[in-house]
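Undergrad: Give me the fold of what follows.
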Amino acid sequence: MKIFAYTYSDPLLEPTPDPTTWEWELDGIYQDLGKRSQLQKLFNDCKTEPPNCLLIRRLEELGDTLEEVSSRLAELEVMGITLIAVEQDYNSSQDSPNLRAELLKLLYEIQHQQRSRRIRQGHARNRLDAAPPPGKAPYGYRRGKGKYIIDRTTSPVVKDFFEHFLLYGSLRGSVRHLVKKYGKKISVTTGRRWLTNPVYRGDTAYQNGEIISNTHAPIITREEAAQVDRLLRRNRRLPPRTASAPRSLAGLVVCNECQSHMSVTRVTMRKQEKEYLYLRPISCPKHPKCRALPYQEVLEQTIQTVCRDLPLAVALMNFPQLDAVKNSLNEAISRQQEVLNQLPSLLETGVLDVETAKLRAYKIRTEMSALQAKLATLPPVNLRSVAQAVSIPQFWLDLSEAERRFYFREFIRQIEIIRQDKEWELRVIFIF
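TA: Numbering: from 1, shown residues only. Below you'll find the predicted structure:
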């Protein structure tokens with residue numbers, strides 16, 4: 001029994017299928033990518049040495065239109081070749097009264113699928129040209145000819161939102177800042193989408209999850225974007241709503257005795273303006289409960305510990321290994337850029353056609369974007385010099401609570417209170 005197999009795939013929409021995945025012993029495999037030259041060869045071979053059976057994945061692979069599919073189904077029927085569409089459970093040799101009805105149903109599905117396919121092909125061609133996806137431009141931009149253009153009336157609002165977040169590290173605080181300064185109301189969810197939206201970084205993201213870098217003018221720099229990502233990762237480790245808390249130690253302190261997070265409690269005396277701040281366990285299971293601690297004492301000890309231990313912790317980091325990783329990523333990006341620069345000459349000499357060159361350029365640019373994203377997650381190169389600067393006690397004392405909160409969370413993962421009878425000491429656990 002002679003069996004042929006045929007597959008068609010559009011490289012714009014799907015990966016090339018593996019010809020070894022057929023669970024049949026095949027006498028010939030015909031495979032088309034984008035064009036159907038092999039399909040024509042298949043039909044020519046069927047006229048000279050017809051097989052008993054032809055395997056395909058889906059009926060729509062036989063043509064770009066319903067008319068082409070119907071015509072080729074009729075040709076196969078005239079040649080007496082059994083057609084099996086393995087993913088649609090269709091077998092033309094089945095002697096069933098419902099076969100014609102099933103075929104009509106499949107042809108209706110094919111018409112719908114091909115309409116959807118043409119739309120997706122149009123979107124895919126736009127991706128090859130690095131054009132924006134369909135839909136309204138993000139706030140701060142407007143649509144231009146084939147790319148996003150900064151809207152000078154709304155982009156300052158977005159820029160100020162990012163600057164406020166970078167200064168204070170609080171998403172909710174930045175959302176409130178927009179309302180207070182510009183009267184611009186957005187939800188916290190929208191604010192989080194702004195912070196993570198590649199468009200504001202000069203990149204274009206598509207529905208398939210792929211990103212192309214440097215497609216238009218950015219609102220924030222690469223360095224600012226990397227810091228935004230670090231702040232977001234840092235805030236995810238904190239208890240809810242502490243990222244915008246007014247006190248610098250909020251969300252960082254944990255009682256080692258009962259393993260409860262400690263919240264900042266404010267106590268005032270009647271008819272007195274002075275207030276007293278304490279750190280109290282939120283959910284201590286012990287009886288009697290672990291006692292509260294004066295906030296100012298914990299703050300002063302935290303500053304002393306950071307000034308003493310932070311330079312030592314940074315010194316223990318393996319910077320040569322970190323530099324090697326960064327150099328490796330930068331070299332990989334440079335190699336991809338060299339390949340990208342060679343594509344125009346390959347196009348001029350006819351080695352590549354226009355569509356293949358565009359597809360190759362698109363894949364290279366998405367790979368470069370992925371490498372740049374990995375590079376952005378690495379610690380900043382000036383970490384050692386920053387650690388030296390913040391190891392001076394006066395640096396911390398000159399900061400406001402909001403500014404101190406920002407720097408604490410840049411370096412500290414957790415502060416543990418270790419109790420010893422009536423005495424206590426603290427241990428600072430750094431992020432790195």
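Undergrad: low-scoring stretches of the stretch 101-250 of the chain, by residue?
TA: Applying pLDDT under 70 to the stretch 101-250 of the chain flags the ranges 101.
Undergrad: so where do the strands sit in it?
TA: 141-143, 148-150, 204-205, 211-212 (DSSP state E, counting those that start in this stretch).
Undergrad: could I get those as TSV with distance to residue 56 and mean neighbour count?
TA: For the C-beta atoms, the positions are set from N, CA and C on the backbone; glycine is no exception. Output for the strands of the stretch 101-250 of the chain, formatted as TSV (distance: least, Cβ to Cβ, whole Å; neighbours: other Cβ atoms under 10 Å):
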stretch	distance to residue 56	mean neighbour count
strand 141-143	40	17
strand 148-150	41	18
strand 204-205	34	20
strand 211-212	34	20
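Undergrad: Residue 171: how many residues sit nearby?
TA: Residue 171 has 22 neighbours, counted by other Cβ atoms under 10 Å.
Undergrad: Let me know the pLDDT of residue 80.
TA: What the model reports for residue 80 is a pLDDT of 89.
Undergrad: what's the neighbour count on it?
TA: Residues near residue 80, counting by other Cβ under 10 Å: 10.
Undergrad: how about the nearest residue to it, chain neighbours excluded?
TA: Using Cβ to Cβ, 6 or more residues apart in numbering and skipping the chain neighbours, the partner closest in space to residue 80 is residue 50 (7.2 Å).
Undergrad: I'd like to know which of the strands of the stretch 101-250 of the chain lies nearest to residue 20.
TA: Across the strands of the stretch 101-250 of the chain, residue 20 has its closest neighbour in strand 211-212 (31.8 Å, Cβ to Cβ).
Undergrad: what's the spacing between the nearest residue to residue 286 once chain neighbours are set aside and residue 241?
TA: Counting by Cβ to Cβ, 6+ apart, residue 258 is the residue found nearest to residue 286 once chain neighbours are left out, at 5.3 Å. The spacing between residue 258 and residue 241, counted by Cβ to Cβ, to the nearest Å, is 21 Å.
Undergrad: more crowded one of the two?
TA: Ranked by neighbour count (other Cβ under 10 Å), residue 258 and residue 241 place residue 258 first, with 17 against 11.
Undergrad: Would it be right to say that that one lies in a helix?
TA: No - Residue 258 is assigned coil when assessed by DSSP: H, G, I helix; E, B strand; the rest coil, not a helix.
Undergrad: Residue 53: neighbour count?
TA: 19.
Undergrad: same for the helix or strand in which residue 8 is found, what does it pack against?
TA: Using DSSP states H and E, residue 8 sits within strand 3-9. Counting contacts by 3 or more Cβ pairs under 8 Å, 6 or more residues apart in numbering; DSSP states H and E, strand 3-9 is packed against strand 28-33, helix 37-48, strand 53-56.
Undergrad: Can you pull out the residues in contact with that strand?
TA: 15-17, 19, 22, 24-33, 36, 38-39, 42, 45-46, 51-57, 61-62 (Cβ atoms under 8 Å, 6 or more residues apart in numbering).
Undergrad: Quick one: buried ones out of those?
TA: Burial by neighbour count, 16 or more other Cβ atoms under 10 Å: within the contacts of strand 3-9 this picks out 22, 28-30, 32, 36, 38-39, 42, 46, 51, 53-57, 61-62.
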